[in-house]
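J.: only geometry, no sequence info:
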């Protein structure tokens with residue numbers, strides 16, 4: 001029976017390099033960055049970073065965007081982000097005897113982006129609140145919005161009708177590596193994160209994936225969504 005064991009081994013070896021792992025982890029915040037910025041993240045020379053980035057682009061883990069004279073790199077697809085988040089979950093939940101204790105920054109644990117949706121305590125609490133109000137059906141495998149949930153998100157101007165630009169699944173559980181419970185991914189999860197940024201409920205920090213919950217955001221998440229944080 002044919003298998004993809006060789007391809008799996010090649011992919012694992014590609015990600016296993018510490019420099020490339022640092023680059024991929026940084027790009028999990030969904031933002032595109034230059035080779036120079038990623039070289040600093042990985043702690044390598046610009047030449048070495050270019051070699052790493054070339055390999056990651058070649059194997060379809062990253063894509064290049066040109067903005068004038070600049071070349072920016074970002075994760076190639078949401079599937080790549082999903083794979084990386086799953087690997088992070090396995091990395092922090094393996095046998096204690098074979099790994100050091102996970103060091104999770106408090107800000108990362110509280111609220112962060114997972115590619116284009118919300119994760120951490122905020123992301124999980126938001127998914128929980130939507131389920132409690134029967135707007136969302138979400139378990140370890142599948143997810144979906146109820147009719148009431150579609151109307152609720154529509155009240156914020158969120159249009160989740162499928163289009164040629166949005167072929168991703170509407171709702172998908174994404175196992176949170178710090179909370180070890182699912183948060184909401186897919187088009188609905190991305191739309192909620194975009195709404196939160198637009199309304200200044202959350203703000204990106206200069207570096208990394210963690211986001212700041214503003215005072216306005218804290219009130220909104222609690223009063224509008226019933227989030228308990």
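T.: Cool, the structure landed. Since we're looking at a predicted model, the values are computed, not measured. Numbers count the residues shown, from 1 in each chain.
J.: Nearest residue to residue 199 in space, please, no chain neighbours.
T.: residue 220 (7.0 Å; CB to CB, 6 or more residues apart in numbering). Heads up, the C-betas are built off the backbone N, CA and C, glycines and all.
J.: Am I right that the one you found falls within a helix?
T.: Yes. Counting by DSSP: H, G, I helix; E, B strand; the rest coil, residue 220 is part of a helix.
J.: pLDDT value on it, please?
T.: We note a pLDDT of 97 for residue 220 in this prediction.
J.: cool, residue 167 as well?
T.: On the pLDDT scale, residue 167 gets 67.
J.: Could you pull out the helices in this structure for me?
T.: For the chain, applying DSSP state H gives helices covering 5-16, 18-26, 35-42, 46-58, 78-93, 106-110, 120-132, 147-154, 186-198, 215-225.
J.: Residue 178: which of those helices is closest?
T.: When the helices of the chain are compared by CB to CB, helix 106-110 sits nearest residue 178, at 4.8 Å.
J.: Return the list of helices and strands in contact with the closest one.
T.: The contact analysis (3 or more CB pairs under 8 Å, 6 or more residues apart in numbering; DSSP states H and E) places helix 106-110 against helix 120-132.
J.: who touches the helix it packs on?
T.: Applying CB atoms under 8 Å, 6 or more residues apart in numbering, the contact partners of helix 120-132 are 108-112, 114, 117-118, 136-138, 149, 176, 178-179, 181-184, 189, 192, 202, 210-211, 213, 221, 225-229.
J.: would a markdown table of the helices of the chain with distance to residue 68 and mean neighbour count be doable?
T.: A markdown table is the format used below for those (distance: least, CB to CB, whole Å; neighbours: other CB atoms under 10 Å):
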| stretch | distance to residue 68 | mean neighbour count |
| --- | --- | --- |
| helix 5-16 | 30 | 11 |
| helix 18-26 | 22 | 19 |
| helix 35-42 | 15 | 18 |
| helix 46-58 | 19 | 16 |
| helix 78-93 | 26 | 16 |
| helix 106-110 | 32 | 15 |
| helix 120-132 | 34 | 23 |
| helix 147-154 | 36 | 15 |
| helix 186-198 | 24 | 21 |
| helix 215-225 | 33 | 15 |
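J.: For residue 139, give me the backbone phi and psi.
T.: Dihedral pair for residue 139: phi -130, psi -160, per degrees, to the nearest 10.
J.: Give me the neighbour count for the closest residue to it other than its chain neighbours.
T.: Nearest residue to residue 139, sequence neighbours excluded (CB to CB, 6+ apart): residue 173, at 6.6 Å. Counted with other CB atoms under 10 Å, residues neighbouring residue 173 total 19.
J.: Could you pull up the contacting residues of the residue minimising distance to the centre of the chain?
T.: Residue closest to the average C-alpha location in the chain (CA atoms, centre = their mean): residue 114, at 1.5 Å. With contact set as CB under 8 Å, 6+ apart, residue 114 has these partners: 28, 81, 85, 123, 174, 176, 183, 185, 209.
J.: Ignoring the adjacent residues along the chain, who's closest to residue 70?
T.: Residue 70 sits nearest to residue 34 (CB to CB, 6+ apart), 6.1 Å away.
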